[in-house]
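In: Generate a structure from the sequence data that follows.
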Amino acid sequence: MKSPVKAALKTVSSLQTKVQEGLGALTARDKQFVEEAVRPSFADSLEIDENLKQDNDQANRWDYLLGHAESAQVVGLEPHSAYTKEVRVVVAKKKAALQQLRKHLNSGVTVSAWFWVASGRVDFVPHEKIVRRLDQEGITFVGGVLRAKHLPKKPATKRSGA
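Out: Below is the predicted model:
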């Protein structure tokens, strides 16, 4: 199975040795936020919160990068409390992750999607305004579970003679 996270990282990145197979980088508690049926579709994972802490101790840090095998894409996953006041924090975490990962990712590589999963009760007021703000920031709130419908689709195959 392809390893999208490993492939996304520079070979000299200190994060290379931290990548784990499947969802191995997720804590047992955090695995529950990924729908059981789609768990096997992840080839590899990386816990970036702790692994980027050394250089960014006081900064916001995103939790995980997941390598989706079918699409060969890397996605971010952030289990976090879903209160209105936390939107600012999650947005800051994504922005910080982009900055923190810059020296680790190969040139031209991007995280194709950033997913926020509620680690408890959802308390957004007003909900529509929050979703719009997250959309503007490139973050998808998926509720309590990351499901197949949220994941990137398989890349289109090239047809000869087209």
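
In: counting contacts, what elements does the longest helix along the chain pack onto?
Out: Criterion DSSP state H: the longest helix present in the chain is helix 87-101. If contacts are counted by 3 or more Cβ pairs under 8 Å, 6 or more residues apart in numbering; DSSP states H and E, helix 87-101 sits against helix 48-51, strand 73-83, helix 127-137, strand 139-141. C-beta coordinates here come from the backbone N, C-alpha and C atoms, glycine included.

In: Name the surrounding residues that touch it.
Out: 48, 52, 55-56, 59-62, 76, 78, 80, 111, 114, 116, 124, 130, 133-134, 137-139 (Cβ atoms under 8 Å, 6 or more residues apart in numbering).

In: I'd like to know which of those residues are buried.
Out: Among the contacts of helix 87-101, those classed as buried by 16 or more other Cβ atoms under 10 Å are 48, 52, 60-62, 76, 78, 80, 111, 114, 116, 124, 130, 134, 139.

In: farthest-separated two in the residues you listed?
Out: Greatest spatial distance in the buried ones among the contacts of helix 87-101: Leu52 and Phe124, 27.6 Å, computed using Cβ to Cβ.

In: which regions of this protein lie under the pLDDT threshold?
Out: Scanning the chain for pLDDT under 70 picks out 1, 55-59, 155-162.

In: which of the residues in stretch 88-105 are buried?
Out: Neighbour-count burial for stretch 88-105 [16+ other Cβ under 10 Å]: Val90, Val91, Lys93, Lys94, Ala96, Ala97, Leu98, Gln100, Leu101, His104, Leu105.
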